[in-house]
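Asks: Got a predicted model here, sequence first, then my questions.
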Amino acid sequence: MTCIETDVLIVGAGPAGASLGCFLTQYGVTGLIISKASSTARTPRAHYTNNATFECLRDAGLERECRSVATSKELIKFYRFCHTIAGEEISRSYYAGNDPNREGEYKKSTPCEQADLPQSILEPILLRVATQNGFKLRWDYEFLTCREDTATSKVHSTIKDLLSGQELTVISNYLCGADGARSVVAREVQLPFHDTPGGGFAVNVWFEADLSHLMAHSPGLIHMLIKPDKPQPDYCAIAITRQVTPFSEWVISMLAKPGIDEVTATQDEIIDHVRDLIGDAGVQIKVKGFSTWSIRDCYAEQYSRGRVFCLGDAVHRHPPFNGLGSNTCIQDAYNLAWKIGYIQKGLASPSLLESFNAERQPVGRAVVRRTNETGKIHAQLFSLMGVFEPDLTKKRKILDRLEEDTEEGAEVRASFQQIIEKLDAERHGFGVEMNQLYRSDAVWADDEPNPPPSFSNPEDSDLHYLESTYPGFRLPHAWLRASKATPNDPMISTHDLAGKGHFTIFTGIGGKAKWAHAAEKVRKELSVDIPVYSIGGEDYRDVFYSWSKKKGISEKGAVLVRPDRFVAWRHNGDELDTKSCGERLVKIISRILGR
Ligand SMILES: Cc1cc2nc3c(=O)[nH]c(=O)nc-3n(C[C@H](O)[C@H](O)[C@H](O)COP(=O)(O)OP(=O)(O)OC[C@H]3O[C@@H](n4cnc5c(N)ncnc54)[C@H](O)[C@@H]3O)c2cc1C
């Protein structure tokens, strides 16, 4: 059998596999990406791309390009419940950081705006970067089996060329299973799953239709359509419409009635239903594709076994509410990439990779929980609107209660408003998007006198982002100015100084000399480069006094940030002399890197 040797074999070229390949090349790591498909995603499933993902793309130098092909936040402003796209509107809310009450919270906490970036557009960008920087990519290759050779610490995978039928062996240092919700890699290495049966079934119709005449005042990420005047087919209790290209290309996801798990209708019948859902007979539609998917409530309890690491939908499967799927895939990849990168460069021990599971598994579990909870809130709303009522007269009556001048009407209105407001956890779930707190050996919290900060009301943790430099938190963003900047120089974020494959230290006036000395000691003893920036005057000015409120240390202290822009350690530094700073930093970097 033909045998190929490579550093990393990535199975899957979706958001998880493509971004892992892309991020690994930032560390000079290359390998082979295979996909059993013949191309990138043809249908635009994932689209909402959140701030945390854009931060990863920014670090990889891709933010500008991605933003240039994405739909801006302004054009995904609303989340509407209506009869049809052209028809009566029942409710409208702000979405995606567009709520005037929330906009400032987003703006002050991240250098990156969210946007609508369909995966069919993002995947080719990521794969282009991966392949231009050394990754090989093979379509029509299927992963079959794997085994780890304990003598050589290599993974032997059998893959099949689907065109010739020939089987090949790939020997790699790492096997990364980014092979989606039916992951064969996860099954092969017997990852344990927590799987709650139930879920539901949905049909996607992807089509072109010029709806610009309806969107001037209603641009939205989501238009939920309930079409109360006609019996709904079994495959469509409710329809979720979203734009792919404003306002000419769309996807309607039709959520089937409970208990339905297949479509028996013909494609023509489904297309007629799409026309009904648009609600404007004058609109021409051209269907581009159909697909089906099911709602899952499932996560792996463990993401890795030996040298096999799974990420993305391979380890977390959940409904698309909150738009977290692809975002979480890309952030899994971002977490994994620097660790493999440091090990491959000989800067870290393989034990660093234990932190991948410790850090990302709780994130996946939380995402599965949040999205399924959001699904349950939607179900409450659907019931209140009579979505599942088969009798049209009764259905209309249920809806009419929303406007009735009766005690019951007032109660229904109050419940409706309450549920709509609860759904803010989906529309503005900034917390679930940003609040990942990593606890692992790749973070040093032993010097902290207190437990990590948290919200007094746990519900806030999905809604709001809690910024902190407590070890394990995302580096807080603050806009800075270089000390010698001219008026024409742009502002720079703390995120722009961190990342780029490096650990980074932020200190303040009076701290630079000793932390630079400490960083030099680390460079000499461990060959790890750590740029040190003084914020306050020497290197950068904290012009908005934003960093001073977020930094959580004294001026001479240090915040040590990992290459993935999460805080590794912080110290007030006042009581440490130059020599102790160096010794302490060497000890901490050694522990984090498992050396
Ligand atoms: C309707 C809908 C809307 C969504 N909206 C959003 C959204 O707005 N935002 C968001 O973040 N997420 C969204 N998602 C979720 C998102 O689409 C998924 O989370 C994401 O595509 C998963 O990426 P992945 O790379 O893990 O897997 P996939 O995208 O499924 O890719 C799997 C890859 O593995 C390959 N593969 C599979 N098996 C093998 C094998 N045995 N051998 C070789 N190759 C194999 C496939 O060919 C493919 O390349 C949505 C999902 C749906 C259904």
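Replies: Cool, the structure landed.
Asks: Taking the stretch 101-250 of the chain, what residue is nearest to the ligand?
Replies: Nearest residue of the stretch 101-250 of the chain to the ligand (C-beta to the nearest ligand atom) works out as residue 180 at 2.8 Å. Yep, even glycine has a C-beta here, placed from its N, CA and C like the rest.
Asks: which non-adjacent residue is nearest that residue?
Replies: Once flanking residues are discounted, residue 180 sits nearest to residue 313: 4.7 Å by C-beta to C-beta, 6 or more residues apart in numbering.
Asks: Are we agreed that the one you found is in a helix?
Replies: Yes - under DSSP: H, G, I helix; E, B strand; the rest coil, residue 313 falls within a helix.
Asks: mind listing the helices for the stretch 201-350 of the chain?
Replies: Along the stretch 201-350 of the chain, the stretches classed as helices by DSSP state H, counting those that start in this stretch are 212-215, 267-278, 325-344.
Asks: would JSON lines of these with distance to the ligand and mean neighbour count be doable?
Replies: JSON lines is the format used below for the helices of the stretch 201-350 of the chain (distance: least, C-beta to the nearest ligand atom, whole Å; neighbours: other C-beta atoms under 10 Å):
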{"stretch": "helix 212-215", "distance to the ligand": "19", "mean neighbour count": "15"}
{"stretch": "helix 267-278", "distance to the ligand": "15", "mean neighbour count": "17"}
{"stretch": "helix 325-344", "distance to the ligand": "2", "mean neighbour count": "26"}
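Asks: Take those helices and write them to TSV, including distance to residue 101.
Replies: Converted to TSV, the helices of the stretch 201-350 of the chain look like this (distance: least, C-beta to C-beta, whole Å):
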stretch	distance to residue 101
helix 212-215	24
helix 267-278	31
helix 325-344	23
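Asks: Stretch 21-31 and the ligand in contact?
Replies: No - Stretch 21-31 is not in contact with the ligand by C-beta under 6 Å from any ligand atom; minimum separation 11.1 Å.
Asks: Could you look up the SS state of residue 171?
Replies: Going by three-state DSSP: residue 171 is strand.
Asks: Might you report the residue contacts of it?
Replies: Residues near residue 171 by C-beta atoms under 8 Å, 6 or more residues apart in numbering: 3, 4, 5, 6, 154, 155, 156, 157.
Asks: Of all the helices of the stretch 201-350 of the chain, which one is nearest residue 37?
Replies: Closest to residue 37 of the helices of the stretch 201-350 of the chain is helix 325-344 (C-beta to C-beta; 15.8 Å).
Asks: tilt between whichever helix or strand comes after the closest one and helix 325-344?
Replies: Toward the C-terminus, helix 325-344 is succeeded by helix 354-384 as the next helix or strand (DSSP states H and E). Helix 354-384 and helix 325-344 are oriented at 180 degrees to each other (axes from the mean of the first three to the mean of the last three C-alpha atoms, to 10 degrees).
Asks: And the contacts of the helix or strand that helix 354-384 is followed by?
Replies: Next in sequence after helix 354-384, counting helices and strands by DSSP H and E, comes helix 392-400. Identification of contacts with helix 392-400 by C-beta under 8 Å, 6+ apart yields 90, 228, 229, 230, 231, 384, 385, 386, 389.
Asks: Pipe those into a markdown table and attach pLDDT per row.
Replies: A markdown table is the format used below for these (pLDDT from 0 to 100):
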| residue | pLDDT |
| --- | --- |
| 90 | 94 |
| 228 | 88 |
| 229 | 86 |
| 230 | 87 |
| 231 | 88 |
| 384 | 93 |
| 385 | 92 |
| 386 | 91 |
| 389 | 89 |
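Asks: Mind checking which of the residues you listed are buried?
Replies: 90, 228, 384, 385, 386, 389 (16 or more other C-beta atoms under 10 Å).
Asks: Counting neighbours, what do you get for the residue of the stretch 401-550 of the chain found nearest the ligand?
Replies: Closest residue of the stretch 401-550 of the chain to the ligand, C-beta to the nearest ligand atom: residue 433 (9.9 Å). The local packing of residue 433 (other C-beta atoms under 10 Å) involves 27 other residues.
Asks: Just give the closest residue to it, not the sequence neighbours.
Replies: residue 50 (4.6 Å).
Asks: Please enumerate residues in contact with stretch 62-73?
Replies: Under the criterion C-beta under 8 Å, 6+ apart, residues 22, 49, 54, 57, 96-98, 112-117, 121-122, 125-126, 129, 243, 245-246 lie in contact with stretch 62-73.
Asks: Run a quick neighbour tally on residue 554.
Replies: Neighbours of residue 554 (other C-beta under 10 Å): 15.
Asks: I'd assumed residue 573 was in contact with it.
Replies: Yes - using C-beta atoms under 8 Å, residue 554 is in contact with residue 573, at 6.5 Å.
Asks: contacting residues for residue 47?
Replies: By C-beta under 8 Å, 6+ apart, residue 47 lies in contact with 116, 117, 118, 119, 242, 244, 323.
Asks: For residue 191, which non-adjacent residue is closest in space?
Replies: Using C-beta to C-beta, 6+ apart, the closest residue to residue 191 is residue 300 (4.6 Å).
Asks: do the same with residue 470
Replies: Closest residue in space to residue 470, ignoring its immediate chain neighbours: residue 452 at 4.8 Å, by C-beta to C-beta, 6+ apart.
Asks: Ramachandran angles for that neighbour?
Replies: When read as degrees, to the nearest 10, the backbone of residue 452 gives phi -60, psi 150.
Asks: And the one 5 residues further on, by the same measure?
Replies: Taking degrees, to the nearest 10, you get phi -100, psi 110 for the backbone angles of residue 457.
Asks: before we move on, what about residue 486?
Replies: The phi/psi pair for residue 486 (degrees, to the nearest 10) reads phi -90, psi 170.
Asks: And it, how far from residue 305?
Replies: Residue 486 sits 54 Å away from residue 305, going by C-beta to C-beta, to the nearest Å.
Asks: Those two: which is more packed in?
Replies: Taking neighbours as other C-beta under 10 Å, residue 486 and residue 305 compare with residue 305 leading, 19 against 7.
Asks: Please give me every residue in contact with the closest residue to that one other than its chain neighbours.
Replies: Take residue 305 and drop its neighbours on the chain: the residue closest to it by C-beta to C-beta, 6+ apart is residue 189, 4.1 Å away. The contact partners of residue 189, taken as C-beta under 8 Å, 6+ apart, are 146, 177, 305, 306, 308, 310.
Asks: Report how many residues lie close to the fourth one.
Replies: Read it as residue 306. Residue 306 has 16 nearby residues by other C-beta under 10 Å.
Asks: wait, what's in contact with it?
Replies: 148, 155, 189.
Asks: Which positions in the protein make contact with the ligand?
Replies: Selection of the chain residues close to the ligand by C-beta under 6 Å from any ligand atom yields 11-17, 34-37, 45-48, 119, 142-143, 178-180, 184, 204, 253, 293, 312-314, 320, 323-327, 329.
Asks: For residue 182, grab the count of nearby residues.
Replies: Neighbour count of residue 182, defined by other C-beta under 10 Å: 10.
Asks: likewise residue 132?
Replies: By the other C-beta under 10 Å criterion, the neighbourhood of residue 132 contains 10 residues.
Asks: got the residue ranges for the strands in the stretch 51-200 of the chain?
Replies: For the stretch 51-200 of the chain, applying DSSP state E, counting those that start in this stretch gives strands covering 78-82, 89-94, 115-116, 136-139, 141-149, 154-161, 167-177, 193-195, 200-208.
Asks: can I assume residue 516 is in contact with residue 533?
Replies: No - using C-beta under 8 Å, residue 516 is not in contact with residue 533; the gap is 9.8 Å.
Asks: No further queries at this time; thank you.
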